[in-house]
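Peer 1: Turn this into a structure:
(one chain, ligands or ions: 1)
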Amino acid sequence: MTQRIVLASNNQGKVREIGQLLAGQDMEVLPQSAFDIPEIEETGLTFVENAILKARNAAALSGLPAIADDSGLEVDALKGAPGIYSARFAGPNATDADNNRKMLAELEKMPEKERTARFQCLMVYMRHGKDPVPIICQGTWEGRILREPQGENGFGYDPLFFVPEKNCSAAELPAEVKNAMSHRGKALQCLLQALSHG
Ligand code: IMP
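Peer 2: Residues are numbered from 1 along each chain as shown. Presented below is the predicted three-dimensional model:
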């Protein structure tokens, strides 16, 4: 029987990528908006805490198993910022463009070798709202921050994230290439592996 799962996110970029990554699995993944579940406040100080808060909220309110992704960009020259605050880097209602502008301004004087960065993704699966042993998976993607946005694909910081192996930005990669190498793709592969073992 196809398993219905709720995805604890309203971020269109994440919902699209997780949908693509789970295509072909025996799962029907429904965004939490389908259940009118509001976004919960992300009060944790780590990605894993925030992912658990989101998954627990979605599982409790939907009565279904839930997947949550808490992710963000760590920039070495900014001592790991914006990290868990990536979505709100330029302020509480910041758009992706606002966040990218702030990132470029903060790194304006940084030379090439000090522009190293990585995306982190913490993916959590909770069978129900009181699941005491959630499945927790992590994925990391290494790159560098460009000096201007490049490309139209993806979302968030993708236009500024240079992928050395492909010699282009994450926003210049076709979706299937990004999904095969991204922090989110790696975390979700780990999750599928864990689910298939019981
Ligand atoms: P969250 O909803 O608190 O997990 O926020 C995640 C934020 O991290 C997003 O709003 C983006 O700014 C950034 N982010 C996470 N994953 C990606 C990605 O794959 N590409 C670009 N930005 C990302």
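Peer 1: can we go C-alpha only for contacts and neighbour counts from here?
Peer 2: Noted.
Peer 1: Show me the beta-bridge partners of the residue minimising distance to the centre of the chain.
Peer 2: For the chain, the residue lying nearest the average C-alpha position, counting by C-alpha atoms, centre = their mean, turns out to be residue 71 (3.8 Å). Going by DSSP bridges, residue 71 is paired in beta bridges with residue 121.
Peer 1: if I pick it, what's in contact with it?
Peer 2: Contacts for residue 71 (C-alpha atoms under 8 Å, 6 or more residues apart in numbering) come out as 47, 83, 84, 86, 119, 120, 121, 122.
Peer 1: Verify the contact between residue 168 and residue 158 for me.
Peer 2: No. Counting by C-alpha atoms under 8 Å, residue 168 does not reach residue 158; the two are 10.4 Å apart.
Peer 1: out of these two, which sits in the busier spot?
Peer 2: The neighbour comparison of residue 168 against residue 158 (other C-alpha atoms under 10 Å) goes to residue 158, with 24 against 17.
Peer 1: quick one: pLDDT of the more buried one?
Peer 2: Residue 158 is assigned a pLDDT of 98 by the prediction.
Peer 1: My read is that it contacts residue 171, right?
Peer 2: Yes. Assessed by C-alpha under 8 Å, residue 158 is found in contact with residue 171 at 4.8 Å.
Peer 1: which SS class is residue 90?
Peer 2: coil (DSSP: H, G, I helix; E, B strand; the rest coil).
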